[in-house]
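> Based on what follows, work out the 3D shape:
(2 chains)
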Amino acid sequence: MALARRSFDAVVVGAGGAGLRAALQLSESGLSVAVLSKVFPTRSHTVAAQGGIGAALGNMGEDSWLWHMYDTIKGSDWLGDQDAIEFMCREAPKLVYELEHFGMPFDRNENGTVYQRPFGGHSQNFGERPVQRSCCAADRTGHAMLHTLYQRNVRARTQFFVEWMALDLIRDSGGQALGVTALEMETGEVMILHARATLFATGGAGRIFWSTTNAFINTGDGLGMAARAGIPLEDMEFWQFHPTGVAGAGVLITEGVRGEGGYLLNKSGERFMERYAPNLKDLASRDVVSRAMATEIKDGRGAGPHGDYLLLKLDHLGPEVIDKRLPGIREISKKFANIDPVKDPIPVVPTVHYMMGGIPANYLGEVVVPQGGSPEAVVPGFYAAGECACASVHGANRLGTNSLTDLLVFGKAAAESVIKFLKENPGRKDLPKDAAERTLARLARLDNQKNGESVAEVATDARRTMQAHCGVFRFPDTLVEGVKKIRGIADRASRTQIKDKSRVFNTARVEALELDNLIEVARASMVSAEARKESRGAHDRSDHHQRDDVNWLKHTLWYKDGDRLEYKPVHMKPLTARTIEPKVRTY
Amino acid sequence: MRFRIFRYDPDRDEKPRMQDYDVRLDPHDRMLLDALVRVKEQDDTLSLRRSCREGVCGSDAMNINGKNGLACITKLADLKEPVELRPLPGLPVIRDLIVDMSQFFKQYHSIKPYLVNDDPPPEKERLQSPREREELDGLYECILCACCSTACPSFWWNPDKFVGPAGLLQAYRFIADSRDQATAERLDNLEDPYRLFRCHSIMNCVDACPKHLNPTRAIGKIKELLVKRAV
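Numbering: from 1, shown residues only, chains lettered A, B, ... in the order given. Modelled structure (predicted):
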């Protein structure tokens, strides 16, 4: 079957923070760009970010990008690449100012500068005391940022393909990326978008877990497409559990609550974080706080009738501060926890929030894979930025506020790399004959499937398995069993059946195609987690309690083909600063 | 729990119909969207938009027992059965609960929804006092769900000519921003019998907004500025 085809200089897949920042750069440079998004851009999941953007502006007291870099490396439990981290922390202030110039409605100080709040793991003078580094718009920073970036793209006349789902990455025999196949949801039409450069900004995949702060759309589409096209996925064992998801609902309560002075209590009313992190207490990094909470619950000190959650107290901040700085949290608590935080504490539980791993990339946003003896050969024409990419700035644990920083810095950097690549490579390569073959086979399989299970059934089992076997605490036997189970579920996912055969806005088909992506992410995560015999950042194993820098100071690379694993070194050398040497991590 | 849901698939149906569903809920299901996910597990042919499930992305706006709202923050306990669900009124239906929002976004884009400031940007941030910043509260929080505009009779009658409450709220968001320099052009752009003045302060928009914003007040302020400018 011959598919319709359109040609562009660049295709950007995803219109969240990273995709929109990249799109802006590309549109303003005069290139022909197509930006594909499963949802209208302002519905992307960046919209749900609450607490702020990390940047050492120093508006509230002395700060420096070097301290931000130190905090990020320590937060990453030394798995982050120090060149990429230096790049991000140095660029951050510039990009926050630029966002302000775009019209972002930041909160303000009396002197008119951008207000910054404290956040977990961010410190002054290499861990000495907390610093106010998080630039915010109340507790709606992601919303304000995403809308501002969209508005700026309206001004730049960016061409959006709204409610188009990218299905597969097209590569030629030399491995060069040449665009994507994509489904227009409204009509059911499948098209080839032929591009000289392809940039993935497809976001996270938290929906592979049962309980997550992530939106329904976070199904790891970019990772699935990359894996099917032979690109490995990096550090997929590292999943961040955010300490404060609303118990039972999963909805996020920003760390900004603790930044503004809130704290956690167990069932006896004890401020237990003092025992686990005597210095930064409730503002220790997220992996530390989540583990402390899980320990409290495990040891019978959880609150509630089943002892399965903890309490986030903020009433002492007073209604004025809560309404000014945390209005969204008050709204969410009333709706999803049936309490008003002005009077009562919020029941919270560690909840899957962020994927530290992703498509292997360097600090320029170029996708890199082992090839011809190099651990990091550039894949020509292929770029990745934001949560779907692993640059790696977050290593084994991301600091709060660094995700929005990552979107801005690497969205722009990846776009600049695209511009440079297009200048240096003026021609357009032909599409391979089999460009759409994988996509058409997937669609035909789904259309013709008989006696298969429903997508909801298989997806539910995958999510339950990830939750039970790949949680805050991990055990050798449950990991081994988890690998077996998830392989079985992957097999079932290849035989799902949908009843809806309509061409028009067929969301059953979309969900089935999303499951193909989710399942690759789940397999990569479970296999990588089983193999890593140490505890580092968010990966905590009962049989190897310590970080093991001798054997495991290295990045995992998972290949879909045969669940094969490879490893590559961590970049310990920053661009200009001195290496931050690994040491014991305490808060 | 019982539901009556608007169904229409142009690929199969000659005309729309209402379909009844009886759904067994899970004890954790508390919002309308949770119930719709159950419905979809039973019948995967039901199409709707949804994403964040916490009222910030604006995807799952629909007409719920006659009133526009977001399914993800509408509590099941507050709904009378059978719960009647229809697509947002006044926009063309693509399928089931999914409407074509092109006209809505066209109006949003028509107000030039971006900051205009031709001064060379300073090295750091442009300064804005907390008081000036407060002027944006109640405006910038809009999630573009279209609950307001599709509850507005003036928008139903003239969707191509009347900007509608969502677009006008955003027009005022930029007028109110101390950093924006295009107030005069923005007012010119709205000084028109249809674009602004089709608003007759019916206030359905205020009632419908799931974020408790007040487009009517913002429209009133734009009208005031136009009057001031005239005298």
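> Tell me the residues of the stretch 451-587 of chain A that contact chain B?
Applying CB under 8 Å from any CB of the partner chain, we find that the stretch 451-587 of chain A lies next to chain B at A:454-456, A:498-500, A:502-508, A:511. No exception for glycine: its C-beta is placed from N, CA and C like everyone else's.
> Now flag whichever of those residues is closest to residue A:140.
Nearest to residue A:140 among these is residue A:507, at 27.8 Å by CB to CB.
> Test my guess that that closest one contacts residue B:48.
Yes - contact status for residue A:507 versus residue B:48: in contact at 7.2 Å, counting by CB atoms under 8 Å.
> Please enumerate the shared neighbours of these two.
Common contact partners of residue A:507 and residue B:48 (CB atoms under 8 Å, 6 or more residues apart in numbering or on different chains): residue B:40.
> still on that earlier bit, and the residues of the stretch 451-587 of chain A next to chain B as JSON lines, adding distance to residue A:158, secondary structure and neighbour count?
Rendered in JSON lines, the data for these read as follows (distance: CB to CB, whole Å; DSSP: H, G, I helix; E, B strand; the rest coil; neighbours: other CB atoms under 10 Å in any protein chain shown):
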{"residue": "A:454", "distance to residue A:158": "38", "secondary structure": "coil", "neighbour count": "18"}
{"residue": "A:455", "distance to residue A:158": "33", "secondary structure": "helix", "neighbour count": "24"}
{"residue": "A:456", "distance to residue A:158": "35", "secondary structure": "helix", "neighbour count": "18"}
{"residue": "A:498", "distance to residue A:158": "33", "secondary structure": "coil", "neighbour count": "20"}
{"residue": "A:499", "distance to residue A:158": "37", "secondary structure": "coil", "neighbour count": "9"}
{"residue": "A:500", "distance to residue A:158": "32", "secondary structure": "coil", "neighbour count": "21"}
{"residue": "A:502", "distance to residue A:158": "30", "secondary structure": "coil", "neighbour count": "19"}
{"residue": "A:503", "distance to residue A:158": "28", "secondary structure": "coil", "neighbour count": "17"}
{"residue": "A:504", "distance to residue A:158": "27", "secondary structure": "coil", "neighbour count": "19"}
{"residue": "A:505", "distance to residue A:158": "24", "secondary structure": "coil", "neighbour count": "25"}
{"residue": "A:506", "distance to residue A:158": "27", "secondary structure": "coil", "neighbour count": "23"}
{"residue": "A:507", "distance to residue A:158": "26", "secondary structure": "helix", "neighbour count": "23"}
{"residue": "A:508", "distance to residue A:158": "30", "secondary structure": "helix", "neighbour count": "24"}
{"residue": "A:511", "distance to residue A:158": "28", "secondary structure": "helix", "neighbour count": "21"}
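> For those residues, please prepare a markdown table with the additional fields pLDDT.
A markdown table is the format used below for those (pLDDT from 0 to 100):
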| residue | pLDDT |
| --- | --- |
| A:454 | 96 |
| A:455 | 97 |
| A:456 | 96 |
| A:498 | 97 |
| A:499 | 96 |
| A:500 | 96 |
| A:502 | 97 |
| A:503 | 96 |
| A:504 | 98 |
| A:505 | 98 |
| A:506 | 98 |
| A:507 | 98 |
| A:508 | 98 |
| A:511 | 98 |
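> Could you list the residues in contact with stretch A:56-67?
If you take CB under 8 Å, 6+ apart as the criterion, stretch A:56-67 is touched by A:68, A:86, A:89-90, A:92-93, A:96, A:109, A:113-116, A:123-126, A:131-133, A:135, A:577, B:124-125.
> what separates that stretch from the chain centre, distance-wise?
Computed by CA atoms, centre = their mean, to the nearest Å, the chain-centroid distance of stretch A:56-67 equals 25 Å.
> Report the rounded mean pLDDT for it.
Stretch A:56-67 comes out with an average pLDDT of 98.
> For residue A:514, give its distance to residue A:215.
12 Å (CB to CB, to the nearest Å).
> Oh, that last question was meant for residue A:333, not what I typed.
Counting by CB to CB, the gap from residue A:333 to residue A:215 is 19 Å.
> ditto for residue B:43
Using CB to CB, residue B:43 is found at 23 Å from residue A:215.
> More neighbours: which of the two?
residue A:215 (26 against 15; other CB atoms under 10 Å in any protein chain shown).
> Work out for me the element the residue positioned nearest the centre of chain B sits within.
Nearest to the geometric centre of chain B sits residue B:146, at 2.1 Å (CA atoms, centre = their mean). Here residue B:146, judged by DSSP states H and E, is contained in no helix and no strand.
> Fine by me, we can end here.
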